[in-house]
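Novice: Can you look at this prediction? I've put the sequence above it.
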Amino acid sequence: MQSSSRPDEDSAGDAEDLLRLRQLLLGADYDELLALKQDLNDPEAFSMRLASVITEALSLRSQRDHSLAEVLAPTLESAIKESIASDPEALAESLYPVMGPAIRKSISETLSQMLENMNQLLEQSLSPKSLGWRFNAWRTGRSYAEIVLINTLEYQVEQVFLIHRETSLLIQHLVADMAISKDPDMVSGMLSAIQDYILDSFTVGEGDGLNSMSLGDFQVMIEAGPRALIAAVVRGKPPENLRNTFKVALEDVHKRASSRLQDYSGDPDDYQDLESTLRSCLRVQRRDQAESNDVPRSIPWLALVSIALLSGVGIWFWFQSYTLDNARQNALTRLVNEPGIVVVSSRVVDDLFLINGLRDRLAEAPEQVLSEPGIGALGLTFVFEPYLSTEPMIVERRAIRRLAPPVSARMSVQDGTLVVTGAANVSWIGTLEQHWRSVAGLDALNVDDLDRLDPVRAEMESLATLIEATTFYFDRSAAEPNSGAASVPALALAIKRLAELGETLGITPVVRVLGAADGTGAARFNARLAEQRAENLYVALLAQGIPAKLLVFQSLQDFPGLDAELSERKVMFRLTGLSD
């Protein structure tokens with residue numbers, strides 16, 4: 001007995017030892033694992049744990065990809081089918097607030113687009129009757145297409161839908177010329193949904209259903225058969241016998257494709273042979289159609305040609321007037337934006353465009369501002385009174401003309417302040433400080449960045465101003481200066497003295513001899529003539545003893561910053577190398 005109980009005692013001891021060892025190794029984690037294992041084996045506890053995180057898990061998964069929607073879609077579809085099979089009225093009541101507005105909006109957009117397209121087509125027509133219709137459209141505030149339809153159309157079948165009755169799928173769809181159609185599958189689906197909604201919402205007899213709907217000038221006429229139905233969109237007021245046309249067409253469809261309609265695969269290409277039957281339903285009747293068939297009407301060619309000629313002449317005169325007015329307004333805008341010019345008024349007097357205003361004498365003349373070819377045809381006449389402009393550009397011109405700054409000094413006007421930079425001799429700075437107030441438009445003087453030159457610099461600046469003020473003028477096509485030209489010897493003496501003063505400062509001034517032509521001849525000839533004039537003055541100065549290293553001759557158009565000087569036949573001078 002003692003020997004038989006010993007193995008059991010040993011086994012229990014081993015289990016206790018193993019349990020104690022697990023607790024020593026795992027501690028509290030072992031107890032938590034045991035509790036988790038019990039929750040997993042208990043369906044109710046496991047569901048409670050999932051309920052706390054399932055919504056967050058679904059949200060995170062939907063943000064990552066679309067697999068959640070793909071997995072849930074079959075389940076939702078099956079649930080909807082079972083709900084419809086068990087209680088269709090509940091689903092119909094739920095969709096009622098959405099389905100009705102959606103159907104009306106879709107049909108309304110389709111009809112609006114149809115009217116707009118027809119309006120664009122009819123806008124191109126021109127006849128006495130159409131002009132009267134346009135007047136009525138303007139008078140009543142309705143669109144031109146609506147007026148035309150009211151006056152000409154009795155009725156028109158614009159669209160025909162052949163729909164499989166069991167599946168509500170579209171089999172064939174035809175559209176009349178000039179009619180507008182949106183997604184036919186969507187429209188056929190909506191028509192079938194409306195039919196089902198009415199059958200589910202009202203108590204009707206077996207085989208009964210919706211056979212027509214009205215929306216403004218449109219009617220949707222529905223004719224149902226055993227396996228398919230025809231829905232036609234009709235504009236206007238259709239006659240009673242039109243429905244017989246749909247019945248005959250529907251009977252022919254069932255006669256030719258009854259077996260195919262029983263097992264409809266959803267492929268419309270299998271029913272192309274039914275197009276001719278459906279096309280017989282696209283009928284149109286206009287109010288004057290019977291009269292045109294009975295009595296041949298002649299085309300009023302004389303009236304049409306007269307209207308076309310008068311319209312062409314009127315359009316031509318309107319275009320000429322519009323072009324002239326537009327060009328005059330562009331010219332007026334350019335004058336308004338020109339500094340120193342103020343336009344007070346403008347008006348047309350005896351085919352002349354009279355412009356009155358004010359002009360500063362330092363501003364560009366209106367004829368120069370508007371000097372491009374063809375401007376004379378605008379009949380512009382200017383009447384400007386003199387005035388003093390305070391625009392910065394004009395004040396700057398006025399200051400330069402009044403104060404004559406040396407070459408080394410630069411002037412600009414900023415908010416009524418004359419800012420002088422660079423360098424100038426003491427005597428000129430004194431003249432500046434004494435006379436700047438006499439320049440209209442200036443309120444203050446700023447010479448903080450103006451350097452004062454020593455006597456040598458001052459004399460050099462004076463000589464530089466003298467040299468750059470010297471200009472030789474030429475007769476047309478002549479390469480030698482005219483009789484009234486400046487003195488070459490006097491110019492040579494100024495250049496020699498400038499060179500002597502430059503040696504004391506360790507600098508070598510260079511005199512650039514710049515030739516120009518007036519631009520009336522060929523461009524190549526003018527360029528060569530301008531350079532020849534500069535070369536002749538260059539040679540004349542060499543003959544007066546000026547070293548060649550002090551002279552450079554070139555065309556004025558190759559010297560930057562002097563584009564405004566290219567319109568005269570002359571030779572002028574510019575100095576470089578005056579700075580250390």
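Specialist: Thanks, I have the structure now. Numbers count the residues shown, from 1 in each chain.

Novice: Okay, now the unreliable bits of the stretch 351-500 of the chain?
Specialist: Applying pLDDT under 70 to the stretch 351-500 of the chain flags residues 485.

Novice: now the strands: where do they sit in it?
Specialist: 352-359, 380-386, 409-414, 417-425, 444-446, 450-453, 471-473 (DSSP state E, counting those that start in this stretch).

Novice: Quick check: buried residues in the third one?
Specialist: So that's strand 409-414. Going by neighbour count (16 or more other C-beta atoms under 10 Å), the buried part of strand 409-414 is 409, 411, 413. Backbone N, C-alpha and C define where each C-beta goes, glycine included.

Novice: Could you save those as JSON lines and add columns showing distance to residue 339?
Specialist: Listed next are the buried residues of strand 409-414 as JSON lines, based on distance: C-beta to C-beta, whole Å:
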{"residue": "409", "distance to residue 339": "23"}
{"residue": "411", "distance to residue 339": "16"}
{"residue": "413", "distance to residue 339": "11"}
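
Novice: Could you spell out the sheet neighbours of the strand of greatest length in the chain, each with its direction?
Specialist: Ordering each strand of the chain by length in residues (DSSP state E) puts strand 153-164 first. Paired neighbours of strand 153-164 in the sheet (DSSP bridges): strand 170-175 (antiparallel), strand 228-236 (antiparallel), strand 284-286 (antiparallel).

Novice: roughly how far is that strand from the heart of the chain?
Specialist: Here the centre of strand 153-164 is set off from its chain's centre by 40 Å, with C-alpha atoms, centre = their mean, to the nearest Å.

Novice: Alpha carbons of that strand, as PDB, please.
Specialist: The C-alpha trace of strand 153-164 is given here as PDB (Å, rounded to 0.1, in the frame of the first residue of the first chain):
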ATOM      1  CA  LEU A 153     -44.100  71.500 -83.400                       C
ATOM      2  CA  GLU A 154     -47.200  69.500 -82.900                       C
ATOM      3  CA  TYR A 155     -45.400  66.500 -81.300                       C
ATOM      4  CA  GLN A 156     -42.200  64.600 -81.600                       C
ATOM      5  CA  VAL A 157     -41.100  61.200 -80.200                       C
ATOM      6  CA  GLU A 158     -37.500  62.100 -79.200                       C
ATOM      7  CA  GLN A 159     -36.400  58.900 -77.400                       C
ATOM      8  CA  VAL A 160     -37.500  55.200 -77.300                       C
ATOM      9  CA  PHE A 161     -36.400  52.700 -74.600                       C
ATOM     10  CA  LEU A 162     -36.900  49.000 -74.900                       C
ATOM     11  CA  ILE A 163     -36.600  47.600 -71.400                       C
ATOM     12  CA  HIS A 164     -36.600  43.900 -70.200                       C
END
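
Novice: What is the helix or strand where residue 85 lies packed up against?
Specialist: Secondary structure from DSSP states H and E places residue 85 in helix 67-86. On a contact count with 3 or more C-beta pairs under 8 Å, 6 or more residues apart in numbering; DSSP states H and E, helix 67-86 meets helix 54-64, helix 88-122.

Novice: Could you tell me the least trusted of those helices?
Specialist: Least confident of the helices and strands packed on helix 67-86, judged by mean pLDDT, is helix 88-122 with a mean of 61.

Novice: Around residue 388, how many other residues sit close by?
Specialist: 14 (other C-beta atoms under 10 Å).

Novice: which one is it nearest to, not counting chain neighbours?
Specialist: Nearest non-adjacent residue to residue 388, counting by C-beta to C-beta, 6 or more residues apart in numbering: residue 440, 4.7 Å away.

Novice: Name all residues that make contact with the one you found.
Specialist: 388, 390, 395, 398 (C-beta atoms under 8 Å, 6 or more residues apart in numbering).

Novice: ok, which stretches of the stretch 201-350 of the chain are helices?
Specialist: Applying DSSP state H, counting those that start in this stretch to the stretch 201-350 of the chain gives helices spanning 242-262, 275-279, 289-294, 301-336.

Novice: Let's have those helices in JSON lines, adding mean pLDDT.
Specialist: Converted to JSON lines, the helices of the stretch 201-350 of the chain look like this (pLDDT from 0 to 100):
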{"stretch": "helix 242-262", "mean pLDDT": "82"}
{"stretch": "helix 275-279", "mean pLDDT": "83"}
{"stretch": "helix 289-294", "mean pLDDT": "48"}
{"stretch": "helix 301-336", "mean pLDDT": "85"}
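
Novice: could those be laid out in a markdown table, adding mean neighbour count and distance to residue 377?
Specialist: Shown next, in a markdown table, are the helices of the stretch 201-350 of the chain (neighbours: other C-beta atoms under 10 Å; distance: least, C-beta to C-beta, whole Å):
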| stretch | mean neighbour count | distance to residue 377 |
| --- | --- | --- |
| helix 242-262 | 16 | 65 |
| helix 275-279 | 16 | 61 |
| helix 289-294 | 10 | 52 |
| helix 301-336 | 12 | 8 |
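
Novice: Out of those, which gets nearest to residue 461?
Specialist: Of all the helices of the stretch 201-350 of the chain, it is helix 301-336 that lies closest to residue 461, at 38.7 Å by C-beta to C-beta.

Novice: Can you tell me which helices and strands the closest one packs against?
Specialist: Against helix 301-336 (3+ C-beta pairs under 8 Å, 6+ apart) you get strand 341-349, strand 352-359, helix 366-369.

Novice: Please identify the buried residues of the first one?
Specialist: Along strand 341-349, the positions that meet the burial threshold by neighbour count (16+ other C-beta under 10 Å) are 341-343, 346.

Novice: Okay, now the sheet partners of it, with direction.
Specialist: strand 352-359 (antiparallel).

Novice: Give me the angle between the strand it pairs with and helix 301-336.
Specialist: Counting by axes from the mean of the first three to the mean of the last three C-alpha atoms, to 10 degrees, strand 352-359 lies at 10 degrees to helix 301-336.

Novice: mind exporting stretch 273-288 as CSV, just the C-alpha atoms?
Specialist: This file holds the C-alpha atoms of stretch 273-288, laid out as CSV (Å, rounded to 0.1, in the frame of the first residue of the first chain):
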residue,chain,number,x,y,z
ASP,A,273,-32.4,43.4,-85.5
LEU,A,274,-35.1,45.2,-83.4
GLU,A,275,-33.8,48.6,-84.2
SER,A,276,-35.9,49.0,-87.3
THR,A,277,-39.0,48.2,-85.3
LEU,A,278,-38.2,50.7,-82.7
ARG,A,279,-37.3,53.4,-85.2
SER,A,280,-40.8,53.3,-86.5
CYS,A,281,-41.8,54.8,-83.2
LEU,A,282,-39.6,57.9,-83.7
ARG,A,283,-42.4,60.0,-85.2
VAL,A,284,-42.7,63.8,-85.6
GLN,A,285,-45.7,66.0,-86.6
ARG,A,286,-45.4,69.7,-87.3
ARG,A,287,-48.3,72.1,-87.6
ASP,A,288,-47.5,73.2,-91.2
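
Novice: Tell me which residues are up against it.
Specialist: 151-158, 160, 162, 171-172, 174, 176, 230, 232, 239, 242, 245-246, 249, 252-253, 256-257.

Novice: Mind splitting the protein into its structural domains?
Specialist: 95-289, 304-386, 455-580 (automatic domain parsing).

Novice: Distance to residue 60 added to the ones you listed, as JSON lines?
Specialist: Below are the domains of the chain laid out as JSON lines (distance: least, C-beta to C-beta, whole Å):
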{"stretch": "domain 95-289", "distance to residue 60": "30"}
{"stretch": "domain 304-386", "distance to residue 60": "63"}
{"stretch": "domain 455-580", "distance to residue 60": "68"}
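
Novice: thought residue 270 was touching residue 260?
Specialist: Yes - contact criterion C-beta atoms under 8 Å: residue 270 and residue 260 qualify, at 6.5 Å.

Novice: circling back: take the helices and strands packed on helix 301-336 and lay them out in TSV including distance to residue 460.
Specialist: As requested, the helices and strands packed on helix 301-336 are exported to TSV (distance: least, C-beta to C-beta, whole Å):
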stretch	distance to residue 460
strand 341-349	39
strand 352-359	39
helix 366-369	36
